[in-house]
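J.: I would like the atomic coordinates for the input below:
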Amino acid sequence: MADEITDIEKWKTNYSFLQELSTLYDIFDRDVKNDPKDSTYNLLCNQYIGLTSENVTIHKNFCKKLIRNLGHYSDNPESHNFTGERCNILNYWVYNSMKKHGIPERIIIDVFEHYSEMLNRSINNISGCSYHSYDKIYEDPMIAIMLNIFKTYVGDVKNALMNKDASKHMRALKFVCDCVKIYKNKMFNFCSYENPNDPKHQKTCGEFKSFKVTYTSFLFGQSGLVKDISSLDDIDKEYSNMCGQFERTTISAIAPVVSPSGDGNEDTVDETSSPMAVDVETRNNPISSTVSTSLGAVAGASSLLALLYKFSPGRNWIRSGIGGGRRRINSNLYEDGPNEFLLEGFEGRDMSSYNTRYNVGYGSV
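T.: I've put the predicted structure just below:
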């Protein structure tokens, strides 16, 4: 689409209800010049980048931020333990920076390899983060990232859709419509045939299946929403009833990258936008389920799309409940595993205090 963009400078305004994602992205993108380890980062990045690299200043600034964000040179490395969600957002920031600023992937791989080596030698019990080389996994990872964000924050989406404040529920509805538009326009193109010998095809179709399960379980037919959510089974007919108001306006796609700062004003709307297992954590809900999925690729829908370009295979574990509480999915999308699609119920189990420990293997992609 001509209106796609590859940066999310306006993303936080358009989807300001996703505050947790926005805040963490800002933390990863903050300036590094006042960090007490800046001189150490500088020496390391000179080795990674070399003297002949073009755009040395830009590349070095990114390199120093990445080392700072990984935390392996921190005086308190335990403070940089990664959950699945935190690792995913770090990789969103890495990928967007790479595409936006032309960062050579070689620099990223070198930093992560050094980070992995240091963690393997460390006596500290630290949950780390693997590099997600999206371009090597998916034909087009933009939608894989977008739909994964939908699954991760479906509880936030639902809460916003229950909010009577139009400045909140309209942004959430717009986000839902963007995701549904991807499903409506692209799912058949990718998944109208079976190709078991093509891993990218399998992962893409698995992601669409997972999106449908999440959408149907948590939004379709739910009471208390300001807008009825249409079924995906007859979406060609029902889409206009749910999303027609957005189709009548000019919509620009937004990529899943968050600008480093913003006033968070929710009264201003700007209509622009290695395998790993997905662990879905549901807060304050009695029902838990697991969904195995593979992240997929689909090009542009209206907002939130145009950032990311390659995602990864894996499983998606959805642990969630139907109660009114917040649902959050912690995702590790980069651990090899069978590409099954499974939904298991944990009947009668109190998941309100469930917190997973997220351990990631290390090594180059």
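J.: Show me what secondary structure element comes after the biggest helix by length in the chain.
T.: When the chain is parsed with DSSP state H, its longest helix is helix 166-191. Downstream of helix 166-191, the first helix or strand assigned by DSSP states H and E is helix 199-218.
J.: what angle separates that next one from helix 166-191?
T.: Taking axes from the mean of the first three to the mean of the last three Cα atoms, to 10 degrees, one finds helix 199-218 and helix 166-191 inclined to each other by 140 degrees.
J.: quick one: buried residues of helix 199-218?
T.: 200-215, 217-218 (16 or more other Cβ atoms under 10 Å). Heads up, the C-betas are built off the backbone N, CA and C, glycines and all.
J.: And stretch 224-240, by the same measure?
T.: By neighbour count with 16+ other Cβ under 10 Å, stretch 224-240 contains the buried residues 225-227, 229-230, 232, 235, 238-239.
J.: Columns distance to residue 176 and pLDDT on top of those, output as TSV?
T.: Converted to TSV, the buried residues of stretch 224-240 look like this (distance: Cβ to Cβ, whole Å; pLDDT from 0 to 100):
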residue	distance to residue 176	pLDDT
225	10	93
226	12	88
227	9	87
229	7	92
230	10	90
232	11	93
235	12	85
238	13	87
239	11	89
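J.: Make a markdown table from the residues you listed and add distance to residue 172 and secondary structure to it.
T.: Below are those laid out as a markdown table (distance: Cβ to Cβ, whole Å; DSSP: H, G, I helix; E, B strand; the rest coil):
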| residue | distance to residue 172 | secondary structure |
| --- | --- | --- |
| 225 | 9 | coil |
| 226 | 9 | coil |
| 227 | 9 | coil |
| 229 | 11 | coil |
| 230 | 15 | coil |
| 232 | 17 | helix |
| 235 | 18 | helix |
| 238 | 18 | helix |
| 239 | 17 | helix |
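J.: ok, so of these, who is nearest residue 112?
T.: Nearest to residue 112, judged by Cβ to Cβ, of these is residue 232 at 37.1 Å.
J.: Can you give me the distance of the closest one to residue 201?
T.: Using Cβ to Cβ, to the nearest Å, residue 232 is found at 20 Å from residue 201.
J.: can you check residue 236 too?
T.: 23 Å.
J.: now the helices: where do they sit in this protein?
T.: Remark: helices assigned in the chain by DSSP H are 11-14, 19-29, 38-49, 56-70, 84-101, 105-121, 142-152, 154-161, 166-191, 199-218, 235-247.
J.: And for residue 64, the neighbour number?
T.: 22 (other Cβ atoms under 10 Å).
J.: With adjacent residues omitted, what lies nearest to it?
T.: residue 41 (3.9 Å; Cβ to Cβ, 6 or more residues apart in numbering).
J.: do residue 235 as well
T.: Using Cβ to Cβ, 6+ apart, the nearest residue to residue 235 is residue 184, at 4.9 Å.
J.: Could I get the phi/psi values of residue 123?
T.: Torsion angles at residue 123 (phi, psi; degrees, to the nearest 10) stand at phi -90, psi -10.
J.: so where's the stretch 101-250 of the chain uncertain?
T.: Scanning the stretch 101-250 of the chain with the threshold set as pLDDT under 70 gives 139, 248-250.
J.: by contact count, what packs against the longest helix of the chain?
T.: Judged by 3 or more Cβ pairs under 8 Å, 6 or more residues apart in numbering; DSSP states H and E, helix 166-191 is in contact with helix 142-152, helix 154-161, helix 199-218, helix 235-247.
J.: CSV for these, including distance to residue 29?
T.: Formatted as CSV, the helices and strands packed on helix 166-191 follow (distance: least, Cβ to Cβ, whole Å):
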stretch, distance to residue 29
helix 142-152, 17
helix 154-161, 21
helix 199-218, 26
helix 235-247, 28
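J.: and residue 90, which of the ones you listed is closest to it?
T.: Using Cβ to Cβ, those put helix 142-152 closest to residue 90, at 13.0 Å.
J.: quick one: the closest one to helix 154-161, angle?
T.: Between helix 142-152 and helix 154-161, the angle comes out at 80 degrees (the same axes, to 10 degrees).
J.: domain assignment for this structure?
T.: 15-134, 137-345 (automatic domain parsing).
J.: Between the two ends of the first one, how far is it?
T.: The distance separating the two terminal residues of domain 15-134, taken as Cα to Cα, to the nearest Å, comes to 23 Å.
J.: was I right about residue 109 contacting residue 130?
T.: No. The pair residue 109 / residue 130 is not scored as a contact, 11.3 Å apart, by Cβ atoms under 8 Å.
J.: which of those two has more neighbours?
T.: Between residue 109 and residue 130, counted using other Cβ under 10 Å, residue 130 has the larger neighbour count: 25 against 15.
J.: and the residue lying closest to residue 195 once chain neighbours are set aside, what does it touch?
T.: Excluding the flanking residues, the one nearest residue 195 by Cβ to Cβ, 6+ apart is residue 201, at 4.3 Å. Residue 201 is in contact with 190-191, 195, counting by Cβ atoms under 8 Å, 6 or more residues apart in numbering.
J.: how far away is residue 201 from residue 76?
T.: According to Cβ to Cβ, residue 201 and residue 76 sit 44 Å apart.
J.: just to revisit the earlier point, pick the most buried one from the helices of the chain.
T.: Most buried of the helices of the chain by mean neighbour count (mean count of other Cβ atoms under 10 Å) is helix 142-152; its value is a mean of 28.
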